[in-house]
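[1] Structure for the following, please:
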Amino acid sequence: MKKREKKGQVMGMSFGMIFAIILMIAFIVLAFFVIRHFLCVGDETKTGLFYQDFEEDITNAWKSPESDVPVSYSLPSRADYVCFIDYSSGVRGEYSEIYDEFKIYDERGNVFISPLNKCLVNYKIIKHIDIKGITAISNPYCFEITGGKVEFNLKKGFYDNLVCVGEECEVSSNNNINSEENCIEASDIQECCEDWFINNNLMKATCMGEWVIRDGKCAWKCITAMD
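    Next up, the predicted model:
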């Protein structure tokens, strides 16, 4: 009788231990999924902030007369590249796989983060960027993310309407805007001189008139009724 009681106690303890082990495993698995979920949300937020900061920097450069600004952004370790893609043009260069990777999202973005991952905001349309100028040589044009950082330059010339990104950009300049090399031989003297006038914050007469070249410089000529 005593042996049976002892055996039952041992079996009872064994079932209790098994149940406790099962609970521990369940908690560990649950904790793993919770941690992974929060890491995923954190990376999604980080890429969202990248787009927000980048768009703000682009807007500031676009509003400036000229710009050549180095910028740096933090991105999750699971992200490899920031790429600019013009899907109105064909693929060229070394990143053809990334071009194909995002092709189904061609109308949703012009800036992409590779690789595709549910924990990343992978694409966004950024306004005021010269996507054709950026991708003129390589389409996609990609920047590698190193140590959780990506760096590039924002460039805009005096006569440019859009902001270019990268070292391959060709931008216009207002150097020697009033010299013989431009306004004297410009196809549109009025536009060239008006740009020079605005850039140099000069005053011109309030009379009706037009720009003319006088002694190699822009001059405002008043037009009277007699003229």
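
[2] quick one, domains of this protein?
    41-165, 174-227 (automatic domain parsing).

[3] Dump those domains to JSON lines, plus mean neighbour count, distance to residue 14 and mean pLDDT.
    For the C-beta atoms, the positions are set from N, CA and C on the backbone; glycine is no exception. Below are those laid out as JSON lines (neighbours: other C-beta atoms under 10 Å; distance: least, C-beta to C-beta, whole Å; pLDDT from 0 to 100):
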{"stretch": "domain 41-165", "mean neighbour count": "17", "distance to residue 14": "41", "mean pLDDT": "91"}
{"stretch": "domain 174-227", "mean neighbour count": "13", "distance to residue 14": "86", "mean pLDDT": "62"}
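
[4] Save the ones you listed as JSON lines, and put in distance to residue 25 too.
    Output for these, formatted as JSON lines (distance: least, C-beta to C-beta, whole Å):
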{"stretch": "domain 41-165", "distance to residue 25": "25"}
{"stretch": "domain 174-227", "distance to residue 25": "69"}
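
[5] Can you say which of these is nearest to residue 21?
    Comparison of these against residue 21 by C-beta to C-beta identifies domain 41-165 as nearest, at 30.8 Å.

[6] for stretch 104-124, how far is the first residue from the last?
    13 Å (C-alpha to C-alpha, to the nearest Å).

[7] which residues sit against that stretch?
    When contacts are defined by C-beta atoms under 8 Å, 6 or more residues apart in numbering, stretch 104-124 is touched by residues 39-41, 43-44, 47-48, 50-51, 54-55, 75-76, 78-87, 98, 101-102, 125-126, 129, 131, 140, 142.

[8] quick one: which of those sit in strands?
    81-84, 142 (DSSP state E).

[9] ranges for the strands of the protein?
    67-74, 81-84, 111-114, 123-124, 141-144, 149-156, 164-165, 209-214, 217-222.

[10] I am finished for the moment; much appreciated.
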